[in-house]
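Chemist: any chance you could fold what I've pasted below:
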Amino acid sequence: MTLNFDFNVNMYQDPPVGFENVMYLVEIAHERLKLYKLFENNESFTDEELKARMENSFLIELLDDNLRICEARRKDYLSHWVLRVAYSNNNELFFIKNELMWFQIRFNRMGSDEKRRFMEKHNFIFPAVSDDVKASLKLDRHVWYKFKFTEVPELLKKRIYPLCGGYIYIPAHKIVYWLLNKLEISLKESLIHIKKMIISNCDDQLKTILSMLNLGNPHGYRSIGNHIELDDLDERSKYFPLCMKFQHETLRKTHHLKYFSRMQYGLFLKGLGLSLEDALELWRGEFVKTMPEKQFWKKYSYLFKHQYGTVGSRIDYAPYACAKILKSTVTTNQIHGCPFKHWDEDVLVKRLKSDGISNLKIAEIVALVRRKKYTQACTRYLQCHHQNVTHSIITYPNEYYEKLCESCVVDIEDLFKSDEDS
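Modeler: Okay, the predicted model is just below:
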């Protein structure tokens, strides 16, 4: 079977054939995982920003026509299938979500003629809505198509396109949503099939690839070797990101946090290595200042045990990612969420000033916030405290803590260097 790579997008219908070096497959799969991590921030970015973040990656070549485009398309195909197999038994929804986003970015960049040829190649041909029907539905003069409402669920949710007789009418430039639904269904069916195949037959090479990718829980943060003592918590809180620092301060001040804050801050502490025993002592010690101890154990302690997987479904919950925190709905008198997104600008500026950040740097942070670059704003906030911190974008509050702690470590040899040594 010969695979043709005529377009920068692909429905990935047929698995690749032939032989490839294991290390080569792992390498290109890791490039695709880097792209997933960018998407996980759930921020909008321009083509230029995406190219800057994924500099030197073959995937970015698919955003521009160049002499290496055919090889880039082939690598894209191979890396997709490597991760399709890898994720068939591990966070399938994470894989599908990122693949759909990558498809949509590339398809939207194609010209109308190229889109038409792509549709024709896959036999996705639909008759346009007639002028009479457009007139009856008061549609504009552009090309419109009709589909069963189940074929474009994302557009159905928006409730901005006409429904009639079980069909939804959409403009031609929204055809990507039909393709995304088609691809999503195909991926889900394929992942089920692959999972069954792997269970019955997983050869050594495949095991090697899967072990080298080490996906683990890609959308769940796992600290390695971290351990924090309860007695050190107040001192270590100065290394917390602003979202967690504020919740820690509020807990110490009011001796209580609402449910979503308990979830966000509790799992953050778990990721730092705080033991369940110390976690219970922390929350008990604060809550009993405003309520009987019996009430704490009866009403609140179960949640913290559940976070550590000792009761209920016994799931080993991971700390929240920034992407999840950014999606939070924060109402009056709630303090969870992301300060850079959910705080009023005046409140944020006042806090940044109290943290000793200069007006110039505050202006840089506020500019990022206004552009809805919230994780970049948080990263800039981190760099205001320590300029030697890496420039990679923060994607987890726990990652912020670890980077700041690392930047504060002093090589003991440097303490004894003389001017002559340097």
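
Chemist: can you give me the buried ones in stretch 155-174?
Modeler: Under the neighbour-count criterion of 16 or more other CB atoms under 10 Å, stretch 155-174 has 155-156, 161, 168-170 buried. The way it works is simple: take the backbone N, C-alpha and C, and place the C-beta from them, glycine included.

Chemist: give me the residues contacting that stretch.
Modeler: By CB atoms under 8 Å, 6 or more residues apart in numbering, the list of residues contacting stretch 155-174 from outside reads 128-129, 133, 137, 139-140, 142-149, 152, 177-178.

Chemist: quick one: end-to-end distance for it.
Modeler: 9 Å (CA to CA, to the nearest Å).

Chemist: now do the residue nearest to Glu92 when sequence neighbours are not counted against Ile96, distance only.
Modeler: Residue nearest to Glu92 in three dimensions, not counting chain neighbours: Leu191, with 5.0 Å by CB to CB, 6 or more residues apart in numbering. From Leu191 across to Ile96, the span is 8 Å (CB to CB, to the nearest Å).

Chemist: just the helices in the stretch 301-422 of the chain please.
Modeler: Counting by DSSP state H, counting those that start in this stretch, the stretch 301-422 of the chain has helices at residues 301-307, 322-326, 339-342, 345-354, 359-370, 374-385, 397-407.

Chemist: what's the closest of those to Val26?
Modeler: With CB to CB as the measure, helix 397-407 is the member of the helices of the stretch 301-422 of the chain nearest Val26 (23.5 Å).

Chemist: only the buried residues of the closest one, if you could.
Modeler: Using 16+ other CB under 10 Å as the test for burial, helix 397-407 gives 397-404, 407.

Chemist: check stretch 265-274 too.
Modeler: If you call a residue buried by 16+ other CB under 10 Å, then stretch 265-274 has these buried ones: 265-272, 274.

Chemist: and stretch 370-385, by the same measure?
Modeler: Neighbour-count burial for stretch 370-385, counted by 16+ other CB under 10 Å, picks out 373-384.

Chemist: so where's the stretch 101-250 of the chain uncertain?
Modeler: For the stretch 101-250 of the chain, residues meeting the criterion pLDDT under 70 lie at 199-205, 207, 211, 214-226.

Chemist: on that earlier part again, what is in contact with Leu191 and Ile96 at once?
Modeler: Common neighbours of Leu191 and Ile96 (criterion: CB under 8 Å, 6+ apart): none identified.

Chemist: just the ones in helices from the buried residues of stretch 265-274, please.
Modeler: The helices, defined by DSSP state H, take in 265-271 from those.

Chemist: what is the nearest of the residues you listed to Met212?
Modeler: For those, the residue nearest Met212 by CB to CB is Gly271; the value is 24.9 Å.

Chemist: okay, Glu40: pLDDT?
Modeler: Predicted confidence (pLDDT) for Glu40: 68.

Chemist: can you say which helix or strand has the residue nearest to Glu92 in it?
Modeler: If you go by DSSP states H and E, Leu191 is part of helix 176-200.

Chemist: just Pro16 next, same as before
Modeler: Pro16 belongs to no helix or strand when assigned by DSSP H and E.

Chemist: that one touches His80, doesn't it?
Modeler: No. Using CB atoms under 8 Å, Pro16 is not in contact with His80, being 9.2 Å away.

Chemist: quick check: neighbours shared by these two?
Modeler: Counting by CB under 8 Å, 6+ apart, Pro16 and His80 have no shared contacts at all.

Chemist: so between these two, which is more surrounded?
Modeler: In terms of neighbours (other CB atoms under 10 Å), His80 is the more surrounded of Pro16 and His80; the figures are 21 against 15.

Chemist: the residue nearest to the more buried one when sequence neighbours are not counted and Phe5, how far apart?
Modeler: Nearest residue to His80 in three dimensions, chain neighbours excluded: Tyr12, at 5.3 Å (CB to CB, 6+ apart). Distance, Tyr12 to Phe5, by CB to CB: 11 Å.

Chemist: for this structure, what spans make up the strands?
Modeler: For the chain, applying DSSP state E gives strands covering 144-148, 163-164, 167-171.

Chemist: so which of these gets nearest Asp355?
Modeler: Minimum separation from Asp355 across the strands of the chain (CB to CB) falls at strand 167-171, 48.0 Å.

Chemist: pairing partners for that closest one, with directions?
Modeler: Partner strands and pairing direction for strand 167-171 (DSSP bridges) are strand 144-148 (antiparallel), strand 163-164 (antiparallel).

Chemist: can you list those in TSV and add distance to Thr332?
Modeler: Shown next, in TSV, are the strands paired with strand 167-171 (distance: least, CB to CB, whole Å):
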stretch	distance to Thr332
strand 144-148	41
strand 163-164	36
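
Chemist: tell me which of these sits most buried.
Modeler: strand 144-148 (a mean of 17; mean count of other CB atoms under 10 Å).

Chemist: list of residues touching that strand?
Modeler: 126-129, 133-134, 166-172, 175, 178.

Chemist: hmm, Tyr87 and Ser190 touching each other?
Modeler: No. Taking contacts as CB under 8 Å, Ser190 lies outside contact range of Tyr87: 10.8 Å.

Chemist: quick one, domains of the protein?
Modeler: Dividing the chain into domains by automatic domain parsing, as the record does, gives the ranges 22-113+179-213, 122-173, 230-407.

Chemist: on that earlier part again, now the residue nearest to His80: phi and psi?
Modeler: phi 50, psi 50 (degrees, to the nearest 10).

Chemist: the chain should start at 36 in everything you say after this.
Modeler: Sounds good: first residue 36 from here, last item Tyr47.

Chemist: neighbour-wise, which of Ser225 and Tyr122 wins?
Modeler: Neighbours per residue (other CB under 10 Å) separate Ser225 from Tyr122, with Tyr122 holding more: 24 against 17.

Chemist: residues near the residue lying closest to that one once chain neighbours are set aside, how many?
Modeler: Spatial nearest neighbour of Tyr122, excluding adjacent residues (CB to CB, 6+ apart): Phe130 at 3.7 Å. For Phe130, the count of nearby residues is 22 (other CB under 10 Å).

Chemist: pretty sure Phe130 contacts Trp116?
Modeler: No. Phe130 is beyond contact range of Trp116, at 11.4 Å (criterion: CB under 8 Å).

Chemist: follow-up on the earlier one: wait, what's in contact with the residue nearest to Glu127?
Modeler: 119, 122-123, 127, 130-131.

Chemist: look up how far Tyr435 lies from it.
Modeler: Applying CB to CB, the value for Leu226 to Tyr435 is 33 Å.

Chemist: distance to Val401 for the buried residues of stretch 300-309 - can I get that in TSV?
Modeler: Putting those into TSV (distance: CB to CB, whole Å) gives the following:
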residue	distance to Val401
Tyr300	25
Gly301	30
Leu302	29
Phe303	25
Leu304	29
Lys305	32
Gly306	29
Leu307	29
Leu309	33
